[in-house]
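Asks: Pasting a predicted model and its sequence here:
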Amino acid sequence: MNDQISMETAIQKAGILLEALPYIKRFKDKIVIIKFGGSAMSDDKVLTNVLQDTVFMKTVGMMPILVHGGGPHISREMERRGLRPKFVDGHRITDRETLEIAKTVLVDQIGASMVKKISEMGNDAVCVWEDGYCPITAEKHYIEVKEDDGTTNQLDIGYVGKVTSIIRERFLSLCSECTIPIVPPLAKGNDGEIYNINADSVAAFLAKALGAEKLVFLSNTHGIMTRPNDETSFVSTLHEDEAHSLIDKKIINGGMLPKVFACIAAVKAGVKKAHIINGQIPHALLLEIFTDKGVGTQIIV
Ligand SMILES: Nc1ncnc2c1ncn2[C@@H]1O[C@H](COP(=O)(O)OP(=O)(O)O)[C@@H](O)[C@H]1O
Ligand SMILES: CC(=O)N[C@@H](CCC(=O)OP(=O)(O)O)C(=O)O
């Protein structure tokens, strides 16, 4: 009886491997941008799962690039120092002190722990922010505010940037080595300043500029809800037009806004698939990439 069960289990496992085969072939040598949101990094187990999945992808011949967030971690550190985090449209208002905190948390803590963990798993990883050298250039980002009289104003929220260019060759050469590039959401401007950037928009820019096959957001929800706080309203596919209507009704708000804009921009620029999935589900990334069903919400245009 036991032998029979273990044989059945073994056959099931072989079935899973075979289901993955077409995806392994399809994604061979293809760039996949994974955005790992701070909200999903709830504990060490989640971090380990996501990094294991990323190493798996690299091992079967894909070219994963991991862009990480860390918003909640930055906020906690600000609060510990008596500062109050403030956001406009999902972007943190960033003064000098906040920028210093963001750099320490993103590079010295989160990025460094990812590099260390991946190397413990037997793979190479490099934080692209090495000694302040960064292959991403940014410029100051102003928020457009619509006034009641119909005019628009530019709101200055400090050292917040938007990506203007990347050194493609640097990313491509890292990808073709045995390395997994780890990308913190920081960049330098031609004005010599360092900018804090929403990690979703960094991921979208990289996906576009590198012609990625896929862009996956690992967050803390099962995708996008189409009714306010209604866990039964997650959708597997969302068209750009519906997304805009949900944004107008404020059903998509806060940290989900930059993610949805990032998905739309990436798909419009030719990235084949952009998904928002729950990174806290063990191995959600592998399920999304290597199985027929997929998980989370896919944005289409
Ligand atoms: N329509 C929506 N569907 C799902 N989540 C939403 C929606 N609108 C806003 N959100 C919020 O967006 C959050 C994810 O954004 P954020 O906290 O910035 O995550 P991350 O750290 O992954 O970037 C969710 O936890 C949820 O509270
Ligand atoms: C300008 C801006 O908002 N920068 C973000 C960078 C981190 C980030 O985007 O982290 P998540 O992906 O976890 O939200 C911030 O300071 O929170």
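Replies: Yes, it's here. Ligands and ions are numbered 1, 2, ... in the order given.

Asks: ok, and does the strand or helix carrying Val145 reach over to ligand 2?
Replies: If you go by DSSP states H and E, Val145 is part of strand 136-146. No: using Cβ under 6 Å from any ligand atom, strand 136-146 stays clear of ligand 2, coming no nearer than 7.8 Å. C-beta coordinates here come from the backbone N, C-alpha and C atoms, glycine included.

Asks: Can you name the residues bridging to Val216?
Replies: Beta bridges link Val216 to Ile34, His275 when assigned by DSSP bridges.

Asks: Neighbours of it, how many?
Replies: Using other Cβ atoms under 10 Å, Val216 has 26 other residues around it.

Asks: pretty sure it is touching Glu288, no?
Replies: Yes: contact criterion Cβ atoms under 8 Å: Val216 and Glu288 qualify, at 6.2 Å.

Asks: May I have the residues that are in contact with Pro181?
Replies: Residues near Pro181 by Cβ atoms under 8 Å, 6 or more residues apart in numbering: 65-66, 125-126, 128, 171, 174-175.

Asks: Can you list the low-confidence ranges for the stretch 1-150 of the chain?
Replies: Where the stretch 1-150 of the chain drops to pLDDT under 70, the residues are 1-5, 131-132.

Asks: Which residue ranges of it form helices?
Replies: Here the stretch 1-150 of the chain has its helices, by DSSP state H, counting those that start in this stretch, at 2-26, 44-59, 71-80, 96-103, 112-120.

Asks: Turn those into CSV, columns for distance to ligand 1 and mean neighbour count.
Replies: As requested, the helices of the stretch 1-150 of the chain are exported to CSV (distance: least, Cβ to the nearest ligand atom, whole Å; neighbours: other Cβ atoms under 10 Å):
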stretch, distance to ligand 1, mean neighbour count
helix 2-26, 24, 11
helix 44-59, 12, 19
helix 71-80, 5, 17
helix 96-103, 14, 18
helix 112-120, 15, 16
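
Asks: For the ones you listed, could you give me TSV that also reports distance to ligand 2?
Replies: Converted to TSV, these look like this (distance: least, Cβ to the nearest ligand atom, whole Å):
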stretch	distance to ligand 2
helix 2-26	26
helix 44-59	13
helix 71-80	3
helix 96-103	5
helix 112-120	13
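
Asks: show me the contacts for Thr98.
Replies: Residues near Thr98 by Cβ under 8 Å, 6+ apart: 74, 78, 83, 85, 92, 158-159, 196.

Asks: can you rerun that using 7 Å?
Replies: When contacts are counted by Cβ atoms under 7 Å, 6 or more residues apart in numbering, Thr98 touches 78, 83, 92.

Asks: Specify which member of the residues you listed is nearest to Ile252.
Replies: Arg92 (18.8 Å; Cβ to Cβ).

Asks: Done for today, thanks.
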